[in-house]
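Q: Pasting the sequence and the predicted coordinates here, then a few questions.
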Amino acid sequence: MNEWHLIETLGKSPTVVSVGGNVKNWATTKRLSPSADVRIDPIINQVRSSGTKIVLPTLDSARDKRSYRIECLPVVGPTGKVHAVQLWIGDSDVTPTPPRTVSGFSWLLDRFVIAQTLEAALMSGVKPEDHVPERTPAEYYAKAIKFDDSEAMLAAGLNPVDDQTFDADMSVLHADGRVMRWHMWARGCVEEGERGLRLLWHDVTDTTPPRRPTLAELGMQESVKDSGIYTAVFCTQTAVLALWLPEPAPWVKWRDIPGANQVIHADDQHLLSSAQDKFNLGSTDPVHVVARLRTENDEWRPSTLRVSPYPGPLTERLAIVQISPLTER
């Protein structure tokens, strides 16, 4: 009572995933009704289908002989679908606190981009005028200073199973320098035009302290910089940059580009798929190639790539690529 409930509507059946900023495990909505004659599910379904909020200042319960205040607000994703509702259930004489910070976004597999709403961008302190409606997965992963479930999210996004659930937390650096803790919920989607994942972000910093990188992880970042060799994960058939491990190569332009498959020159992208063909035949030997990578000036700089099989469940689609600048002889 007298707090906000976050109810995801990413798939077939809505579930409660947070109450007052405390994460819940995909809980049923059946227990939300404050009284047997105050039905909450029809309100959730109406907001989900209409995309408009409902405010009921005094909803009377004959059974309890009291009144409740119900507010239900949609959280709309980038494709216009309602990804969640925020539900206030409280006493009729209690003014609701401001709704919690929540946003909807989508992993669109067909174009390998992450579409985000303005609210999603604002969560990390991006100014409205700097909002970009679509980002590459690598750009989105780069928001995090700690995210231990990148491989699981990648697997879910590349092989969406309808209505399959996934959730994880991420520590994100806000533009003002503070570290936030976000929790993410996702469901697989196979609908035309939305194949991939429908997702939610929720800022839970006020209830759960953010996790920070370990000294070992920080040391790894520094050793990468000292070595001059940078490691990335690429989708080999599309030459899409999926993420950096852990630091991006400083001479490579990978943010604010037209597509995630435009980091490697179009005429060199076949080098990754050729390497993948060898791995699929059973070879585990790294493949060494020279490819042109996009620079900050939108020029193409030859770089040395050491392409190795991806050691995870997506080994037939991904590769580990170590990148270093080409040494002139």
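A: Structure's in. What do you need?
Q: Flag every buried residue along stretch 33-42.
A: Ser33, Pro34, Val38, Ile40 (16 or more other Cβ atoms under 10 Å). Placement of C-beta: from N, CA and C, glycine included.
Q: swap that for stretch 60-78, sorry
A: Tyr68, Arg69, Ile70, Glu71, Cys72, Leu73, Pro74, Val75, Val76, Gly77, Pro78.
Q: which other helices and strands contact the helix or strand hosting the second one?
A: Under the criterion DSSP states H and E, the helix or strand holding Arg69 is strand 66-76. In this structure, strand 66-76 makes packing contacts with helix 41-50, strand 54-61, strand 82-91, strand 102-108, judged by 3 or more Cβ pairs under 8 Å, 6 or more residues apart in numbering; DSSP states H and E.
Q: Check the gap between the closest residue to Arg317 other than its chain neighbours and Ala242 for me.
A: Excluding its sequence neighbours, the residue lying closest to Arg317 (Cβ to Cβ, 6 or more residues apart in numbering) is Cys235, at 5.9 Å. Here the criterion is Cβ to Cβ, to the nearest Å. By it, Cys235 lies 6 Å from Ala242.
Q: The residue nearest to Asp268 when sequence neighbours are not counted and His202: what is the separation?
A: Across the structure, with Cβ to Cβ, 6+ apart as the measure, the residue nearest Asp268 apart from its sequence neighbours is Ala291 (4.0 Å). Ala291 sits at a distance of 39 Å from His202 (criterion: Cβ to Cβ).
Q: Same check on Val321?
A: As defined by Cβ to Cβ, Val321 lies at a distance of 33 Å from His202.
Q: Between these two, which is the more surrounded one?
A: Neighbour count, other Cβ atoms under 10 Å: between Val321 and His202, Val321 has more, with 27 against 24.
Q: Look up which helix or strand that one falls in, please.
A: strand 318-325.
Q: go on, Val161?
A: With DSSP H and E as criterion, Val161 is part of no helix or strand.
Q: tell me the domain ranges of the protein?
A: Partitioning the chain according to automatic domain parsing yields domains covering residues 3-91, 102-203, 215-325.
Q: And these: which comes nearest Pro209?
A: Distances from Pro209 to each of those were compared using Cβ to Cβ; the minimum, 6.7 Å, belongs to domain 102-203.
Q: how long is the closest one from one end to the other?
A: For domain 102-203, the first and last residues are 7 Å from each other (Cα to Cα, to the nearest Å).
Q: And stretch 142-159, by the same measure?
A: Stretch 142-159 has an end-to-end distance of 22 Å (Cα to Cα).
Q: For it, buried residues please.
A: Of the residues in stretch 142-159, 142-147, 150-151, 153-158 count as buried by neighbour count, 16+ other Cβ under 10 Å.
Q: Closest one to Lys12 out of those, please.
A: Top of the list for closeness to Lys12, among the buried residues of stretch 142-159 and by Cβ to Cβ, is Ala156 at 16.9 Å.
Q: residues touching the nearest residue to that closest one once chain neighbours are set aside, list them.
A: If you skip the residues right next to it in sequence, Ala156 has Phe166 as its closest partner in space, 4.7 Å away by Cβ to Cβ, 6+ apart. The neighbourhood of Phe166, defined by Cβ atoms under 8 Å, 6 or more residues apart in numbering, consists of Ala152, Met153, Ala156, Trp185, Ala186, Arg187, Gly188, Leu197.
Q: what are the bridge partners for Phe166, then?
A: Applying DSSP bridges to Phe166 yields these beta-bridge partners: Ala186.
Q: Ala138 versus that one, what's the distance?
A: Spatial separation of Phe166 from Ala138 under the definition Cβ to Cβ is 19 Å.
Q: for the helices and strands packed on strand 66-76, which one sits closest to Gly282?
A: Judged by Cβ to Cβ, the one of those that comes nearest to Gly282 is strand 102-108, at 31.1 Å.
Q: Tell me the helices and strands packed up against that closest one.
A: Counting by 3+ Cβ pairs under 8 Å, 6+ apart, the packing neighbours recorded for strand 102-108 are strand 66-76, strand 82-91, strand 113-116, helix 118-123, strand 196-203.
Q: Only the C-alpha atoms, please, for the helix or strand that contains Ala138, written as CSV.
A: Assessed by DSSP H and E, Ala138 sits inside helix 137-141. What follows is helix 137-141 as a C-alpha-only set of coordinates in CSV (Å, rounded to 0.1, in the frame of the first residue of the first chain):
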residue,chain,number,x,y,z
PRO,A,137,24.8,-2.9,-28.8
ALA,A,138,28.4,-1.9,-28.2
GLU,A,139,27.4,1.7,-27.5
TYR,A,140,24.8,0.5,-25.0
TYR,A,141,27.2,-1.9,-23.2
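Q: Neighbouring strands of the helix or strand following that helix in the sheet, and parallel or not?
A: Sequence-wise, the next helix or strand beyond helix 137-141 is strand 144-146, with elements assigned using DSSP H and E. When pairs are called by DSSP bridges, strand 144-146 turns out to pair with strand 165-173 (antiparallel).
Q: orientation of the strand it pairs with relative to strand 196-203 in degrees?
A: With axes from the mean of the first three to the mean of the last three Cα atoms, to 10 degrees as the criterion, the two stretches strand 165-173 and strand 196-203 enclose an angle of 50 degrees.
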